[in-house]
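1. Next one to model:
(2 chains)
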There are 2 protein chains.
Amino acid sequence: MEWVYISDLHKYTGQKVEIRGWLYNIRSKGKIAFLQLRDGTGRVQGVAVKGECNDDAFLKIDGLKMEASISVTGDVRKDSRAPSGVELTINDITVIQNPEEDYPISKKEHGIDFLLEHRHLWLRSSRTEALLKIRNQAVISLRNFFHEKGFILIDTPILTGSIGESSSTLFSVKYFDMGNAYLAQTGQLYLEAACMAFGRVFNLGPTFRAEKSKTRRHLTEFWMLEAEVSFLENEGSMDLQEEMICSLVDSILSKNEAELKVLGRNTGPLKKITAGFPRIEYSEAVKMLDKLGKPVKWGNDLGGDEETILTEQFEKPIFVTNYPKHAKAFYMKENPENPETVLCADLLAPEGYGEIIGGSQREDRYDELISRIREEQLPESAYRWYLDLRKFGSVPHSGFGLGLERTITWITGNKHVREAIPFPRTISRLYP
Amino acid sequence: MEWVYISDLHKYTGQKVEIRGWLYNIRSKGKIAFLQLRDGTGRVQGVAVKGECNDDAFLKIDGLKMEASISVTGDVRKDSRAPSGVELTINDITVIQNPEEDYPISKKEHGIDFLLEHRHLWLRSSRTEALLKIRNQAVISLRNFFHEKGFILIDTPILTGSIGESSSTLFSVKYFDMGNAYLAQTGQLYLEAACMAFGRVFNLGPTFRAEKSKTRRHLTEFWMLEAEVSFLENEGSMDLQEEMICSLVDSILSKNEAELKVLGRNTGPLKKITAGFPRIEYSEAVKMLDKLGKPVKWGNDLGGDEETILTEQFEKPIFVTNYPKHAKAFYMKENPENPETVLCADLLAPEGYGEIIGGSQREDRYDELISRIREEQLPESAYRWYLDLRKFGSVPHSGFGLGLERTITWITGNKHVREAIPFPRTISRLYP
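-> Next up is the predicted model:
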């Protein structure tokens, strides 16, 4: 008899098969028992009827605990009411392991701390499964987008000198007898070196922020997609981002219909994500916020609350461009039309989600870059190599970084980024 | 006029185009100058002839330094002698930036320390370009292999409790007021949790070893592909690895012919990598080594030298299976036929390269696993969640980890792993 995955069961209608997996629920009433089975590829109901099912096996059913691992043989029957389209009439059951203890995650409501403490088991819930399958598809879609355009993947280092956006939020590591290394907050500077070699490059890897933020938008370890392109200016970079986001949303709408349904995501707003994202200058955004009753002083960065209010005004993601120079990182190129601002753009997701991408054209002039490094009192020696890029064939170039968990949180209509990563790390969580 | 990438030039034969890139070499003799141009997508020769090329532009040529960034317009001509199949007859040149200093990397031989210190520029060399384009393709091929089979990508955490293979080689990080976190040496234990939820999972991310090894096979930060499969035993895991390696080698042979040529790789040995990798028990390998004049005491792990000698005896990669229990990690399943050994397999690459994969069936019994944890004096509390996996629906499962840089080093016929990663980290190198 063939051992098949639940996701393939529909191909075996009318046939006898074996499936192997876990029992995630059970309902038994005398002569009939309903076993809810999962194997990671899908979920299916198995029905055991006394007399039809092997007697020994039927007697065992009442003793089975949640999350018992079992092998089940049975006949595949079409069932249009079932989400999988099929049901299994059980002939026999082999128990691989029946837990001695009750499974800690029951049907009742658990607090988030309890669930996070049991993340290694919580992964098995239908909700987590749906979220992480969407994450899987998001990564496929993003990587394919860049590979198909001929971008070269450049895995940037995690262990770095004191290179980053803000030295106060660096995790530090003792590095042999060489002093401290720091966990990368971004691979951007390395991608800038690589884009002078390969033209168009990207990465997708973990990044780290030792930020004491305890908001629904922050993790200490998160994954970021970054791209960097030679001979590209800020406007062209926004075009590229827009195309990437549309392609990502499309791919999830088409490949993850079932998962979005499990999550109860209203897909209406996602279907409106088409090209033509509004591009609003920071100064204009400040005026809008003033009118919306959330005034911001010109010169300050926009916070989460401001982003929420702003994005609620639009159905599509919006670019907020040309922020004040001193609200942004040292490497952004001065705006020739207004030197108090830089050529940059943050992409804010709709429905109140806020920033999912930060990007800019990079300062490509040696003298301007070194004055910014000195103004910000950054350790010049750590940036020697970065400055070299402006000495040997500097070219206009732009790039951006997309926060993977924030993007997934928006697309899935979830509240908190912590569920969009398999094992979330926050300032108070390092386990499991 | 259209701006095109060098890799697309062959589509524009007979037409006038613009290309943008860098000058990596120049040869000028009076009335004719040969400009070697690159833009990351390819390399092409531009020919400027006095009288045909714009006069101002022609006069500028002699002053151009290596790695000047320029835009060139010209006519695309077929040239069967050129590696790109085309040549460019230059009409005009716009200089974007001409370096004031001489480019540090000249045609003369440089020591490896000098090159590594200038890795941000060394990326531009044809050799590094070829290696990293092969890395790019290797990652595409490996990820596709697993996605096509329905494996779910699970990005495992980098910041962890004291979970790993050997606590003496962990990098440690102060984690807020929670004590120390450690950089992951492997994501395996987390993948084991995930494979009980998703059935078949994989990851591909950076891993860290604070090992004081200074060999050609060691980096402190390297990328590892790991896969973990429920209901799979050691033999089936070897089948999967074999299929993955064949598919990887095939894809690089077919997609990276040009790059393998740049590297001078003899592809003969690669073409022999087909299914049917020999599987040799450790005890048998020890006997072979004895005969080869490199005796190993039964019970010790095989070192790099032993692996080199052993793999030189075979044209295909070989699996060495069932190592002594005490030479291997605590989580490997005891071999029921010989409890002094475990159900494991290392895959050794041919031509003397040695270990590229380590894998095993995992101990799925609670009692046996906890005794091994105690025997090895590992911190039990950090493994609480891992032990839970043996309490709630434990199933036979196996997995493996492939070292990406070692694999690329073998496939490219290179000597040292440090060139197979964009920014290598070794015990004495953290810059750039």
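
2. in the stretch 1-150 of chain A, which spans are helices?
-> Here the stretch 1-150 of chain A has its helices, by DSSP state H, counting those that start in this stretch, at A:55-61, A:112-117, A:119-122, A:126-148.

3. export the shortest one as CSV, just CAs?
-> Translated: helix A:119-122. What follows is the C-alpha trace of helix A:119-122 in CSV, where atoms were taken according to Å, rounded to 0.1, in the frame of the first residue of the first chain:
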residue,chain,number,x,y,z
ARG,A,119,6.6,28.0,20.3
HIS,A,120,8.2,24.7,19.5
LEU,A,121,4.7,23.1,19.8
TRP,A,122,2.6,26.1,18.8
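
4. could you dump the helices of the stretch 1-150 of chain A to TSV with mean neighbour count and distance to chain B?
-> From N, CA and C alone the C-beta is placed, and that goes for glycine too. Converted to TSV, these look like this (neighbours: other Cβ atoms under 10 Å in any protein chain shown; distance: least, Cβ to the nearest Cβ, whole Å):
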stretch	mean neighbour count	distance to chain B
helix A:55-61	15	15
helix A:112-117	14	9
helix A:119-122	22	4
helix A:126-148	20	5
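
5. Ok, which of the ones you listed comes nearest B:Ala345?
-> Closest to B:Ala345 of those is helix A:119-122 (Cβ to Cβ; 26.1 Å).

6. Run the chain-centre distance for the closest one.
-> 18 Å (Cα atoms, centre = their mean, to the nearest Å).

7. Against which helices or strands is that helix packed?
-> Where contact means 3 or more Cβ pairs under 8 Å, 6 or more residues apart in numbering or on different chains; DSSP states H and E, helix A:119-122 is packed against helix B:188-198, helix B:384-388.

8. and the angle from the longest one to helix A:126-148?
-> Inter-element angle recorded for helix B:188-198 and helix A:126-148: 110 degrees (by axes from the mean of the first three to the mean of the last three Cα atoms, to 10 degrees).

9. Run through the neighbouring helices and strands of whatever helix or strand comes next after helix B:188-198.
-> Once the chain leaves helix B:188-198, the next helix or strand it forms, by DSSP states H and E, is strand B:200-208. If you count contacts as 3+ Cβ pairs under 8 Å, 6+ apart, strand B:200-208 packs onto strand A:200-208, helix B:126-149, strand B:152-153, helix B:188-198, strand B:221-230.

10. Make a markdown table out of the ones you listed and add mean pLDDT.
-> Below are the helices and strands packed on strand B:200-208 laid out as a markdown table (pLDDT from 0 to 100):
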| stretch | mean pLDDT |
| --- | --- |
| strand A:200-208 | 98 |
| helix B:126-149 | 98 |
| strand B:152-153 | 98 |
| helix B:188-198 | 98 |
| strand B:221-230 | 98 |
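
11. could those be laid out in TSV, adding distance to A:Cys246?
-> Shown next, in TSV, are those (distance: least, Cβ to Cβ, whole Å):
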stretch	distance to A:Cys246
strand A:200-208	17
helix B:126-149	22
strand B:152-153	22
helix B:188-198	28
strand B:221-230	30
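
12. Out of these, which gets nearest to A:His147?
-> Of the helices and strands packed on strand B:200-208, the one closest to A:His147 (Cβ to Cβ) turns out to be helix B:126-149, at 5.9 Å.

13. for the closest one, packing partners?
-> helix A:126-148, strand A:152-153, helix A:188-198, strand B:152-153, strand B:200-208, helix B:234-255, helix B:257-262, helix B:404-411.

14. gap between the first one and the chain center?
-> Read it as helix A:126-148. So, by Cα atoms, centre = their mean, the centroid of helix A:126-148 is 8 Å from its chain's centroid.

15. Same question for the fifth one.
-> Between the centre of strand B:200-208 and the centre of its chain there are 13 Å (Cα atoms, centre = their mean).

16. pull the CA atoms of it into PDB?
-> Output of strand B:200-208 as PDB, limited to C-alpha atoms (Å, rounded to 0.1, in the frame of the first residue of the first chain):
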ATOM      1  CA  ARG B 200       9.600  18.400   5.600                       C
ATOM      2  CA  VAL B 201      11.500  21.600   6.300                       C
ATOM      3  CA  PHE B 202      14.800  23.300   5.400                       C
ATOM      4  CA  ASN B 203      16.800  26.400   6.100                       C
ATOM      5  CA  LEU B 204      19.700  28.200   4.500                       C
ATOM      6  CA  GLY B 205      21.400  30.800   6.600                       C
ATOM      7  CA  PRO B 206      24.500  31.900   8.400                       C
ATOM      8  CA  THR B 207      26.000  29.900  11.200                       C
ATOM      9  CA  PHE B 208      28.900  30.600  13.600                       C
END
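
17. could you check the angle helix B:404-411 makes with that strand?
-> 90 degrees.

18. A:Cys246 reaches A:Thr274, doesn't it?
-> Yes. Judged on Cβ atoms under 8 Å, A:Cys246 makes contact with A:Thr274 at a distance of 6.2 Å.

19. So if I had to pick from the two, which one is more boxed in?
-> Per other Cβ atoms under 10 Å in any protein chain shown, whichever of A:Cys246 and A:Thr274 has more neighbours is A:Cys246, with 18 against 12.

20. if I pick that one, what's in contact with it?
-> A:273-275 (Cβ atoms under 8 Å, 6 or more residues apart in numbering or on different chains).

21. ok, these vs chain B, which is closest?
-> A:Ala275 (22.2 Å; Cβ to the nearest Cβ).

22. what comes up buried for stretch A:70-85?
-> A:70-76, A:79, A:84 (16 or more other Cβ atoms under 10 Å in any protein chain shown).

23. Distance from it to the middle of the chain?
-> Per Cα atoms, centre = their mean, the centroid offset for stretch A:70-85 relative to its chain is 32 Å.

24. Check stretch A:336-347 too.
-> 28 Å.

25. same thing with stretch A:324-337?
-> On Cα atoms, centre = their mean, the centre of stretch A:324-337 falls 28 Å from that of its chain.

26. contact partners of that stretch?
-> With Cβ under 8 Å, 6+ apart, stretch A:324-337 has contacts from A:165, A:188-189, A:234, A:282, A:298-301, A:322, A:339-344, A:360-364, A:368-369, A:372-373, A:375-376, A:378.
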